[in-house]
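Enquirer: output the structure for:
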Amino acid sequence: MYRLLSAALATGLLLGTLACDVEEPRPIRVGIDRITVVNLTDTPWRQVDVWLNDHYRAQAPNLAPGQRLEVPLGVFVAGFGQRFDSKKQTPFGVEVDAEGADGKPVKLVWGKGRRR
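Expert: As a prediction, the model looks like this:
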C-alpha cells in the first residue's frame, strides 16, 4: 500500500513539474505597466516601431538578436503628443514594425494589431 501511494505521489509530482515547464518565449508581452518586445530571431532589427492601440508609438533605433526592449506604457505617444494613459485606457493591440538586417520588413502582432 505504501509503495502504491509513493508511486502515485511521484507520478503526480512529475506531471505537475512537466505542466509547469518553462513557458515558450513570446516576442511581445503586455504587462500591467509596460510592453516588452524580444528579438527572437538570429538577425538584428533596425528602425523598430512599437505601435500600441493603433496610434500610440514608441521607437528604438536597433534591437539585437536576443535583446529585450521594455517600454513603459507612459512612454507611448500619439501624433499630437498625447501620452498613453493606462488609468483610462487598456492595451488591446500591439504591432511591431522593423527592418531586418537583410532589408526585409519584420512585423509582429499581439491582439488586434494596428488598423490603417
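
Enquirer: pull out the buried residues from stretch 59-77.
Expert: 60, 63, 69, 71, 73, 75-77 (16 or more other C-beta atoms under 10 Å). (Each C-beta comes from the backbone N, C-alpha and C, glycine too.)

Enquirer: now the terminal residues of it, how far apart.
Expert: 10 Å (C-alpha to C-alpha, to the nearest Å).

Enquirer: if we can go back for a sec, so which of the buried residues of stretch 59-77 are in strands?
Expert: Members of the buried residues of stretch 59-77 lying in strands (criterion: DSSP state E): 60, 63, 69, 71.

Enquirer: put together CSV for these, with pLDDT on each row.
Expert: Shown next, in CSV, are these (pLDDT from 0 to 100):
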residue, pLDDT
Ala60, 98
Leu63, 98
Leu69, 98
Val71, 98
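
Enquirer: related to what we said a few turns ago, and of the buried residues of stretch 59-77, the nearest to Trp45?
Expert: Nearest to Trp45, judged by C-beta to C-beta, of these is Leu63 at 4.4 Å.

Enquirer: what sits against the closest one?
Expert: Taking C-beta atoms under 8 Å, 6 or more residues apart in numbering, we find Leu63 in contact with 37, 39, 44-45, 48, 69, 98.

Enquirer: what's opposite the residue minimising distance to the centre of the chain in the beta bridge?
Expert: Centroid-nearest residue in the chain, with C-alpha atoms, centre = their mean: Ile28, separated by 1.5 Å. With DSSP bridges as the criterion, Ile28 is bridged to Val37.

Enquirer: relative to Phe84, how far out is it?
Expert: Look at Ile28 and Phe84: by C-beta to C-beta, to the nearest Å, they are 16 Å apart.

Enquirer: again with Ala58
Expert: 9 Å.

Enquirer: try Glu24
Expert: Per C-beta to C-beta, Glu24 is found 28 Å from Phe84.

Enquirer: so for the two, which residue has more residues nearby?
Expert: Phe84 (22 against 6; other C-beta atoms under 10 Å).

Enquirer: list the contacts for the residue nearest to that one when sequence neighbours are not counted?
Expert: Closest residue to Phe84 apart from its sequence neighbours, by C-beta to C-beta, 6 or more residues apart in numbering: Phe76 at 4.1 Å. Going by C-beta under 8 Å, 6+ apart, Phe76 touches 35, 50, 52, 56-58, 83-84.
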